[in-house]
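> heads up, no residue letters with this:
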């Protein structure tokens, strides 16, 4: 946890250890039904797993996300270590400047045609590239 906090503050890590993720368009299962959702954005550090809140017009839900060793996981099951069904996006060189892909998942929120933009965040004073 301490390492993750230092990466977020820019005190530790290499290029690619911190990513900015934004999701928009497509649909998710929120409140038991497939719905449109409000665009959302968040950052993740290498080794981090957390929950982000997702909002539709009248409902909200939670999506578990993780970033580990160059692999972004979206819509992980909320309990246990099983990663089955999550959308998996491995590191791509396009993340250096930002890259957009459409994804589906079979996790709790059942992402459908969700537009995911991922960009590596430059860390101050850390010019070395890891990937």
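Arrived safely, thanks for sending. What you see is a predicted model; the values in this text were computed from it and never measured.

> just say helix, strand or coil for the nearest residue to residue 67 once chain neighbours are set aside.
Counting by CB to CB, 6 or more residues apart in numbering, residue 67 lies nearest to residue 44, which is 4.0 Å off, once chain neighbours are set aside. Backbone N, C-alpha and C define where each C-beta goes, glycine included. Each residue gets one of three states, and residue 44 gets strand by DSSP: H, G, I helix; E, B strand; the rest coil.

> show me what residue 44 is bridged to.
In this structure, residue 44 has beta-bridge partners residue 19, where bridges are defined by DSSP bridges.

> contact partners for it?
For residue 44, the contacting residues are 18-19, 21, 50, 65-67, 72, by CB atoms under 8 Å, 6 or more residues apart in numbering.

> if I look at residue 86, how far off is residue 76?
Residue 86 sits at a distance of 5 Å from residue 76 (criterion: CB to CB, to the nearest Å).

> got any residues that touch both of these two?
Once CB under 8 Å, 6+ apart is applied, the residues that residue 86 and residue 76 both contact turn out to be residue 107.

> where does this structure have low pLDDT?
Scanning the chain for pLDDT under 70 picks out the ranges 80-82, 125-131.

> where do the strands sit along it?
With DSSP state E, the ranges of strands along the chain come out as 18-24, 28-30, 33-35, 40-45, 48-55, 60-68, 71-76, 87-90, 99-103, 114-120.

> direction included, what does the second one pair against?
Okay, so that is strand 28-30. Looking at strand 28-30 with DSSP bridges, its partner strands are strand 33-35 (antiparallel).

> how about the strand it pairs with: buried residues?
By neighbour count with 16 or more other CB atoms under 10 Å, strand 33-35 contains the buried residues residue 35.

> now do that strand: distance to the chain's middle.
20 Å (CA atoms, centre = their mean, to the nearest Å).

> same question for stretch 51-68.
Taking the mean C-alpha point of stretch 51-68 and that of its whole chain, the gap between them comes to 10 Å (CA atoms, centre = their mean).
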